[in-house]
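Engineer: Fold the following and give me the result.
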Amino acid sequence: MKALYIDCGMGAAGDMLTAALLELLPEPEKFVERLNALGIPGVEYRAVPCVKCGIKGTRMEVLVNGEEECADEHAHHHEHAHDETHIHEHRSAHSHEELRGHCHDEHTHDEAYEHGHEHAHTHEHACGGHHHHAGMADIEAIFARLDMPEAAKADALAVYKIIAEAESAVHGVPVTEIHFHEVGAMDAVADVAAVSLLMHELAPARVTASPVHVGSGTVRCAHGVLPVPAPATARILEGVPIYGGEVRGELCTPTGAALLKHFAAGFGPMPLMRLEKTGYGMGKKDFGDRANCVRAMIGEA
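Structural biologist: Below is the predicted model:
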């Protein structure tokens with residue numbers, strides 16, 4: 001039986017999970033070409049070699065209309081929506097990052113959706129310019145058009161449902177009123193689609209993960225300073241073993257949390273397996289002598 005184990009000792013974000021799983025494939029370059037042929041509006045994937053603490057791995061760059069989300073505003077990169085998700089009636093909410101908003105200082109993506117602001121449907125992006133927002137119906141329409149297996153699409157939409165429901169609960173509004181910032185939404189769609197398709201390609205019989213390191217301290221968002229894990233992330237991780245520690249910052253994004261919650265059948269020590277291959281998905285930020293990566297290990301149980 002093929003088993004997949006995900007080591008979340010430095011948390012998890014959508015781009016990091018994508019990169020780690022990508023390294024498990026025999027021909028990762030061809031898979032990146034496949035990702036770029038999915039048809040996600042304005043999105044381009046790039047797998048870039050990266051070294052952290054002497055360990056070689058891969059960092060996944062997701063460009064939306066030729067640009068990555070603001071590197072100075074995301075530590076994890078894509079997945080945060082703390083600042084970009086909006087609620088109708090000129091109240092904002094947010095998530096995976098708008099799915100990846102601008103509230104994460106410590107990770108690179110993912111991620112994703114969770115906070116809000118007082119804005120209408122168009123919001124001035126922190127990096128400049130105005131962007132539109134997408135609701136869950138828009139996200140579902142995007143996935144419906146993507147060139148990927150129906151089973152992978154179903155997984156992707158289930159992940160988004162986890163995020164939207166968490167945002168809804170945190171902000172006290174219906175899921176239908178949760179909206180995601182255009183750039184963040186596409187970035188998150190890219191991560192969720194990629195991980196769902198990779199899981200479909202790898203086809204493990206069982207996926208397990210380590211307890212999730214969420215980081216510690218606070219993160220600054222549009223509304224002010226919030227504790228780590230951010231509210232939506234904490235909601236998603238209910239029922240999952242988590243821990244903090246000496247690392248200051250947000251290590252697990254809403255997108256990363258939702259992907260783990262959906263795909264992992266359990267959380268705990270590494271299971272007995274005959275190891276076949278290990279993949280390292282690197283985050284953007286450096287944490288001193290700690291390698292900022294997600295490690296994926298696949299083998300026969």
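
Engineer: Poorly predicted segments of the chain, please.
Structural biologist: 69-133, 180-184, 222-223 (pLDDT under 70).

Engineer: where exactly do the helices run in it?
Structural biologist: 14-22, 28-36, 136-145, 150-171, 182-202, 231-236, 254-263 (DSSP state H).

Engineer: show me where the stretch 1-150 of the chain has strands.
Structural biologist: 2-7, 43-52, 55-64, 76-77, 86-87, 108-109, 123-124, 130-131, 133-135 (DSSP state E, counting those that start in this stretch).

Engineer: related to what we said a few turns ago, who wins for proximity to residue 208 among the helices of the chain?
Structural biologist: helix 254-263 (9.7 Å; C-beta to C-beta). Placement of C-beta: from N, CA and C, glycine included.

Engineer: Alpha carbons of that closest one, in CSV - could you do that?
Structural biologist: Taking Å, rounded to 0.1, in the frame of the first residue of the first chain, the C-alpha atoms of helix 254-263 are listed here in CSV:
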residue,chain,number,x,y,z
PRO,A,254,-5.4,29.0,6.0
THR,A,255,-4.8,27.3,2.7
GLY,A,256,-2.1,25.0,4.1
ALA,A,257,-4.4,24.1,7.0
ALA,A,258,-7.3,23.4,4.7
LEU,A,259,-5.3,21.2,2.4
LEU,A,260,-4.0,19.2,5.4
LYS,A,261,-7.4,18.9,6.9
HIS,A,262,-8.9,17.5,3.7
PHE,A,263,-6.2,15.1,2.6
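
Engineer: circling back to that earlier point, specify the stretch among the strands of the stretch 1-150 of the chain that is closest to residue 240.
Structural biologist: Going by C-beta to C-beta, the one of the strands of the stretch 1-150 of the chain nearest residue 240 is strand 2-7, 12.1 Å.

Engineer: Partner strands of the closest one, with direction?
Structural biologist: Note on strand 2-7: by DSSP bridges, its sheet partners are strand 206-209 (parallel), strand 293-300 (antiparallel).
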